[in-house]
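J.: Structure, please.
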Amino acid sequence: VVLGDRPIEVTLRRCWASMSATERLKIVLAAITTAVRKDKVYAAALDTMETQSLDSILTQVTRLLPGLITPLFAERDRYMAWTLKRSKAVSNTERVVGVVGEAHLSAVVREIERDYLDKHLSFKSVARLDD
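T.: Sure, this is the predicted structure:
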């Protein structure tokens, strides 16, 4: 069993660094609102999850907090694809089974398929050492 997602501390640090001052303010205000009115916020979140598709929710997040898209989705998709690829190489097996959340599945598959030259999903590119 391999836990294939990037460490949460890295993701949170990269998210914070990529957000604008306005986006950071939105996050802080949302956290305060949630702390003060958690019952109402929780109920609203459940209603949203029940009535809206995942794509619709992701579109809203993209619109409100565009700075989160790269570190929260694109970078993690590439990291998870690299982890699956590495797991296959390390274990020298024909197949590796990965459990990936619905929001990441198509992108992780696309990242693996895109890696036709064995360069795209190298450790250097995933760790952003090529920059």
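
J.: Can you give me the neighbour number for the closest residue in space to V100 that isn't next to it in sequence?
T.: Leaving aside its sequence neighbours, V100 sits nearest to V108 (C-beta to C-beta, 6 or more residues apart in numbering; 5.3 Å). All C-beta atoms are positioned from the backbone trio N, CA, C, and that covers glycine. For V108, the neighbour count with other C-beta atoms under 10 Å is 22.

J.: is it true that R24 touches S18?
T.: No: R24 is beyond contact range of S18, at 10.2 Å (criterion: C-beta atoms under 8 Å).

J.: Looking at those two, which has the bigger crowd around it?
T.: Set side by side, R24 and S18 show more neighbours around S18, with 17 against 14, by other C-beta under 10 Å.

J.: mind checking pLDDT for V28?
T.: At V28, the pLDDT value in this model is 90.

J.: and it, how far is that from T22?
T.: 11 Å (C-beta to C-beta, to the nearest Å).

J.: Likewise for T62?
T.: For T62, the distance to T22 equals 15 Å [C-beta to C-beta].

J.: try S53
T.: 27 Å.

J.: next one: L105
T.: 31 Å.

J.: Tell me which of these two has more neighbours.
T.: Higher neighbour count among L105 and T22: L105, with 14 against 10, using other C-beta under 10 Å.

J.: Please identify the helix or strand for the more buried one.
T.: Using DSSP states H and E, L105 falls within helix 102-114.

J.: With V10 instead?
T.: V10 is located in helix 8-18, with elements delineated by DSSP H and E.
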